[in-house]
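>>> Attaching a predicted model along with its sequence, questions to come.
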Amino acid sequence: MACTLEKFIHSLDPRALPRVLQIQSGIYFQGSIYEMFGNECCLSTGEVIKVTGFKINKLIASICENNEDSQFSAKVELPLNFPGLYKVVADKTPYISIEEITRKVAIGSTRFGHPCFYSSEDIKLANLTIKQGEQINFNSVEEVNGTMAVNCGVVRNNQSHSFTLPLSQEGTFYECEDDQIYTLKEIAEWKIPRCRNRIVKLSNTLHSWDSSNPLPDNFDGCLILTPVYEVQAVMKFRKDIVHILSDLDVEVKDITDCYDISSFLQPLSLEDVFERTTMEFPMVAEVMEGPLGRQKPYNLLHIGKEIVIYKKYQATRVLASEIRSDSPKRHFLIPMTYKGKFKRRPREFPTAYDLEIARSEREQLHVVATKAFDSPHAELFSVSVGDQFLVQQRQTSEVLYEGRKKVIDVLACEQILSDTYKEVLLPMYMEGGFVEVIHDKKQYQLSEICKEFRLPFNVKVSVRDLSIKEDVLAAVPGLQLEEEITDSYLLISSASSPVESWEIPVYRLNMSVHLLSKDVQAVLPPMTKTTVEEISEEEYYMVRRFENQTLHPPPRPPKKPAALAPKPVSTVSKQVISDVLQATKNFCVDTTKKSCANQAADVSELQVSCQNDLVHHDNVKDMTEKPTLVEAAVIKGLTNNPLGKWESEKEQEEEHNYEYVDENVIENIRKVFQDTTTRNKDILSEDRRDI
């Protein structure tokens with residue numbers, strides 16, 4: 001039975017791929033196909049294609065001015081990177097079985113792939129009864145005792161109860177209200193059910209759109225999202241892969257059951273190749289769709305190129321980001337075999353809690369304050385700009401709070417004075433600013449840094465990797481080594497001239513091949529070349545969020561007590577400024593806290609360290625307010641950079657519009673949104689108990 005391509009793709013289960021389609025009717029231009037704007041757009045009647053995959057390319061949004069029940073006034077096209085955070089409106093149309101839910105709703109291993117439903121009736125299981133209206137979390141789909149089922153869970157009295165529901169389970173299931181917020185791309189990938197539209201409500205606007213905004217000014221209504229898919233297909237007599245938009249005006253008929261699907265070339269993505277058993281390697285393949293890039297080996301992987309794939313494996317990379325604030329940061333994945341050398345660069349710490357995280361047993365952390373803090377307690381220390389500290393350890397301290405003694409977490413430090421040290425306590429919630437003073441002039445290999453120091457860690461390439469023709473890291477003024485990740489790679493070489501072999505990433509390279517029935521001449525790969533891989537902003541967040549789920553971020557700093565809000569920053573006297581500048585010029589301390597007998601010999605080193613450490617003060621995370629005149633004077637005295645340049649760079653940063661959504665901003669907004677929702681629920685529960 002013929003139907004439009006759009007209707008077919010919207011109802012197609014990805015698990016049923018590949019499918020063979022015959023074009024029943026459509027507009028075509030002489031030949032079977034031609035290309036426009038990078039997409040195949042016309043097919044001739046009678047043409048046969050094999051659909052191998054599809055993904056959402058863009059969204060058509062119907063604008064509802066007030067709520068989801070009102071009439072929509074217009075339709076606009078939204079790209080997936082359109083900025084903003086959106087709240088998903090629960091679908092009011094029920095599902096009639098668990099099988100229908102698994103067929104239409106994305107269920108996966110990430111936190112986006114755990115949808116929640118409730119049943120309109122009680123579900124009685126062997127040792128558990130799921131009550132009517134109780135929220136059921138769908139975690140994964142697996143085979144249990146030979147039957148496909150969904151691993152589910154319910155939470156009762158803060159305890160989680162796990163159970164399975166077979167796909168054959170029937171009933172009336174409704175989607176639960178979702179109190180999370182998502183980007184448009186996250187909604188497209190995880191939150192649009194098959195054969196259904198998705199209603200969303202704009203929750204937060206993150207950035208201004210760099211082109212004309214298709215939404216009305218001060219829009220506060222709902223959007224009905226309809227996906228437009230990009231279909232990946234193979235033609236009968238072509239070796240390359242074609243891409244077709246699902247809204248193309250053609251009708252198709254599914255003829256998979258009566259067609260020899262093996263007569264088509266079988267395109268394999270790198271993920272498909274990686275899923276092959278180890279015994280199947282090495283293998284010879286021909287590139288059907290190659291990656292874009294001028295760097296080796298990407299410029300060698302053009303369409304029609306024959307390659308040898310020797311093996312699959314996991315390899316370690318260090319994720320690094322450029323240290324700068326005047327433009328979008330570049331991101332890199334550095335192999336552990338990188339032969340360049342690094343020198344340390346000063347780190348910046350926005351809070352006292354960050355100092356505790358960075359503290360290590362290897363050396364004592366020495367920092368300079370870049371922001372003043374007036375302590376609300378006499379027992380705790382008030383910080384002035386230019387104060388220097390040696391970080392000791394975390395401990396607790398009693399403070400007087402509303403006439404009562406209260407124990408809070410503090411950070412014990414030693415303040416460096418002109419000729420002595422002073423024991424001080426900083427509140428852990430202190431929102432200040434600190435820059436590290438570097439005394440270590442050693443050059444390190446990448447493996448040494450990962451072994452001896454805790455990431456994140458700031459460095460600069462001091463000796464470039466001479467084995468690389470063009471070392472992209474050598475030109476970067478500063479790098480933050482963020483974390484080690486383990487990623488999947490294939491080892492390949494040219495089939496015609498296997499002089500060297502290359503590692504290519506499996507999950508970040510858009511490339512398709514088909515296998516050739518040829519024997520591999522050399523089973524052992526030639527000399528392996530590794531490259532520093534520069535990744536996009538989107539790939540950077542995908543690496544951190546999806547490929548590195550086992551690493552847990554450090555806990556968030558404790559919240560500042562509401563009643564302990566900092567007082568306005570007190571004015572620092574000229575005498576204090578003079579003392580700070582004099583101490584910076586005349587005092588030097590090493591990490592072992594030996595006597596100051598060698599102070600004179602180390603003066604120049606400390607001056608250089610302090611100056612270099614504060615050169616990048618424009619990277620300090622707290623940019624919400626300009627420094628006071630006193631702070632400006634002190635910072636200017638401690639650095640070689642004019643303060644005017646710092647302020648100019650800051651203003652340029654504030655005016656810059658970014659195309660990508662900042663993931664840290666998203667997570668912060670999510671947390672605030674979630675905390676508010678939870679607090680409101682708790683208040684409502686207390687009110688009900690009082691009634």
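Arrived safely.

>>> So which residue is dead centre in the protein?
Taking C-alpha atoms, centre = their mean as the criterion, Y541 is the residue nearest the geometric centre of the chain, at 2.2 Å.

>>> Let me know the secondary structure of that one.
helix (DSSP: H, G, I helix; E, B strand; the rest coil).

>>> how close does it get to N299?
Shown here: Y541 relative to N299, a distance of 26 Å by C-beta to C-beta, to the nearest Å. Glycine gets a C-beta too; all of them are placed from N, C-alpha and C.

>>> and what of H161?
Counting by C-beta to C-beta - H161 and N299 are separated by 55 Å.

>>> T164 now?
To N299, T164 is 50 Å away according to C-beta to C-beta.

>>> for stretch 493-504, which positions count as buried?
Residues of stretch 493-504 classed as buried: 493-495, 498, 501-504 (neighbour count, 16 or more other C-beta atoms under 10 Å).

>>> swap in stretch 137-157?
Going by 16+ other C-beta under 10 Å, stretch 137-157 has these buried residues: 137-139, 141, 149-152, 154.

>>> Need the max-distance pair from the residues you listed.
V141 and V154 (17.6 Å; C-beta to C-beta).

>>> how far away is the closest residue to S360 other than its chain neighbours from E361?
In this structure, S360 finds its nearest non-sequential neighbour in R454, 5.9 Å apart by C-beta to C-beta, 6 or more residues apart in numbering. The gap separating R454 from E361 is 10 Å, by C-beta to C-beta.

>>> Those two: who's more crowded?
A count of neighbours by other C-beta atoms under 10 Å puts R454 above the other of R454 and E361, at 12 against 5.

>>> That one: helix or strand, and which one exactly?
Counting by DSSP states H and E, no helix or strand carries R454.

>>> And it, its phi and psi?
phi -90, psi 130 (degrees, to the nearest 10).

>>> picking up where we left off before, so which of T164 and N299 has more stuff around it?
T164 (18 against 12).

>>> Please name the bridge partners of the residue lying closest to that one once chain neighbours are set aside.
The spatial neighbour of T164 that comes closest, neighbours along the chain excluded (C-beta to C-beta, 6+ apart), is A149 at 4.3 Å. Here A149 shows beta-bridge partners E142, P166, assigned using DSSP bridges.

>>> what does S512 give?
Residues in beta-bridge contact with S512 (DSSP bridges): S269, E289.

>>> which residues does S462 contact?
341-343, 443 (C-beta atoms under 8 Å, 6 or more residues apart in numbering).

>>> how near is it to R344?
Separation of S462 from R344 (C-beta to C-beta) stands at 10 Å.

>>> which residue ranges form the helices in this protein?
Assigned by DSSP state H, the chain shows helices spanning 5-11, 98-104, 184-190, 270-274, 352-358, 446-452, 537-545, 574-586, 603-615, 629-638, 643-655, 663-690.

>>> Give the other helices and strands that the fourth one contacts.
Right, helix 270-274. Of the remaining helices and strands, those touching helix 270-274 by 3 or more C-beta pairs under 8 Å, 6 or more residues apart in numbering; DSSP states H and E are strand 306-322, strand 479-494.

>>> For it, list every residue counted as buried.
270, 273-274.

>>> and those as JSON lines, adding distance to D260 and pLDDT?
Listed next are these as JSON lines, based on distance: C-beta to C-beta, whole Å; pLDDT from 0 to 100:
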{"residue": "L270", "distance to D260": "27", "pLDDT": "92"}
{"residue": "V273", "distance to D260": "24", "pLDDT": "93"}
{"residue": "F274", "distance to D260": "28", "pLDDT": "93"}
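
>>> Tabulate those in CSV, adding columns for distance to G293.
Output for the buried residues of helix 270-274, formatted as CSV (distance: C-beta to C-beta, whole Å):
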residue, distance to G293
L270, 15
V273, 19
F274, 20
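
>>> Please identify which of these is nearest to Y182.
Looking across the buried residues of helix 270-274 and measuring by C-beta to C-beta, the closest to Y182 is L270, at 27.8 Å.

>>> In contact with the closest one: list those residues for me.
490, 504-507, 509, 511, 513.

>>> And those, which is closest to N458?
The closest of the contacts of L270, once distances to N458 are taken by C-beta to C-beta, is P505, at 25.5 Å.

>>> isn't the closest one right next to S488, touching?
Yes: using C-beta atoms under 8 Å, P505 is in contact with S488, at 7.2 Å.

>>> Overlap of the contact sets of the two?
Joint contacts of P505 and S488 (C-beta under 8 Å, 6+ apart) do not exist.

>>> Between these two, point out the one with more neighbours.
Neighbour totals were compared for P505 and S488, and P505 leads with 20 against 16 (other C-beta under 10 Å).

>>> so that one bridges to which residues?
Taking DSSP bridges, one obtains Y489 as the residues bridged to P505.

>>> check contacts around it.
With contact taken as C-beta under 8 Å, 6+ apart, P505 is in contact with 270, 333, 487-489, 533.

>>> Model confidence at it, what's the number?
Confidence at P505, expressed as pLDDT, is 92.

>>> Return the distance of it relative to E280.
Distance of P505 to E280, computed by C-beta to C-beta: 20 Å.

>>> Same question for V287.
With C-beta to C-beta as the criterion, V287 and E280 are 18 Å apart.

>>> ditto for I438
I438 sits 51 Å away from E280, taking C-beta to C-beta as the criterion.

>>> Switch the contacts of S462 over to a markdown table; also include neighbour count.
Shown next, in a markdown table, are the contacts of S462 (neighbours: other C-beta atoms under 10 Å):
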| residue | neighbour count |
| --- | --- |
| K341 | 17 |
| F342 | 23 |
| K343 | 16 |
| Q443 | 15 |
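
>>> and of the residues you listed, the nearest to A16?
For these, the minimum distance to A16 (C-beta to C-beta) is 50.6 Å, reached by F342.

>>> so that closest one sits right up against D440, yeah?
No: the criterion here is C-beta under 8 Å, and F342 misses it with D440 at 11.3 Å.

>>> related to what we said a few turns ago, pull out the buried members of the contacts of L270.
Among the contacts of L270, those buried by neighbour count (16+ other C-beta under 10 Å) are 490, 504-507, 509, 511, 513.

>>> Let's have those residues in TSV, adding distance to I192.
Formatted as TSV, the buried ones among the contacts of L270 follow (distance: C-beta to C-beta, whole Å):
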residue	distance to I192
L490	32
I504	31
P505	28
V506	26
Y507	22
L509	26
M511	27
V513	30
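
>>> So which of these is the closest to D419?
P505 (55.8 Å).
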